[in-house]
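[1] can't give you the sequence, but here's the structure:
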């Protein structure tokens with residue numbers, strides 16, 4: 001049983017900000033910025049890569065609504081919505097979840113994404129037939 005399932009089952013406490021029949025949202029214990037929230041499906045699946053399409057849709061629809069509410073309530077200027085899929089991508093709890101990280105002009109949070117444009121042609125040739 002994952003940490004998130006224990007939160008769903010109320011075995012451990014969380015600052016729950018939204019709940020319906022399918023989704024639970026709560027403040028991340030590691031607030032990257034004020035209001036950093038996790039949105040999870042109540043039905044467990046390891047990641048966005050293993051989740052049924054319906055689950056992905058429900059979680060993302062609610063994440064967008066919650067993000068808008070957080071931005072309004074907290075006076076944020078925008079938000080990052082992201083989902084880590086796999087350990088190498090930074091996933092530490094293997095229950096699909098979307099991070100909502102409200103963004104503020106002065107927050108100084110950096111998502112350190114490196115540019116690799118030199119490989120774009122090679123990558124394109126490798127994947128173009130997949131789609």
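    Looks like it arrived, so ask away. As the structure is a prediction and not an experimental result, all values here were calculated from the model.
[2] hey, let's count contacts and neighbours off CA atoms from now on
    Noted.
[3] residues touching the closest residue to residue 27 other than its chain neighbours, list them.
    The shortest distance from residue 27 to any non-neighbouring residue, by CA to CA, 6 or more residues apart in numbering, is to residue 37 (4.3 Å). Each residue near residue 37 by CA atoms under 8 Å, 6 or more residues apart in numbering is listed here: 25-28, 99-101.
[4] Among those, which one sits closest to residue 62?
    residue 25 (9.0 Å; CA to CA).
[5] now the helices for the protein?
    3-8, 53-74, 120-127 (DSSP state H).
[6] in the shortest one, what's buried?
    Of the residues in helix 3-8, 4-5, 7-8 count as buried by neighbour count, 16 or more other CA atoms under 10 Å.
[7] Using JSON lines, please lay out the residues you listed together with pLDDT and distance to residue 72.
    Converted to JSON lines, the buried residues of helix 3-8 look like this (pLDDT from 0 to 100; distance: CA to CA, whole Å):
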{"residue": "4", "pLDDT": "96", "distance to residue 72": "26"}
{"residue": "5", "pLDDT": "96", "distance to residue 72": "29"}
{"residue": "7", "pLDDT": "97", "distance to residue 72": "26"}
{"residue": "8", "pLDDT": "97", "distance to residue 72": "26"}
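[8] And the residue nearest to residue 27, how far from residue 26?
    5 Å (CA to CA, to the nearest Å).
[9] Just read off the phi/psi values of residue 9.
    phi -80, psi 0 (degrees, to the nearest 10).
[10] now swap in the one 4 residues further on and tell me
    Dihedral pair for residue 13: phi -80, psi 160, per degrees, to the nearest 10.
[11] Relative to the whole chain's centre, how far out is stretch 54-73?
    Taking CA atoms, centre = their mean, to the nearest Å, one finds the center of stretch 54-73 at 10 Å from the center of the full chain.
[12] What are the buried residues along that stretch?
    For stretch 54-73, by 16+ other CA under 10 Å, it's 55-56, 59-60, 62-63, 66-68, 70-71.
[13] For the residue positioned nearest the centre of the chain, give its distance to residue 67.
    Geometric centre of the chain, nearest residue: residue 98, 1.7 Å, by CA atoms, centre = their mean. Distance, residue 98 to residue 67, by CA to CA: 11 Å.
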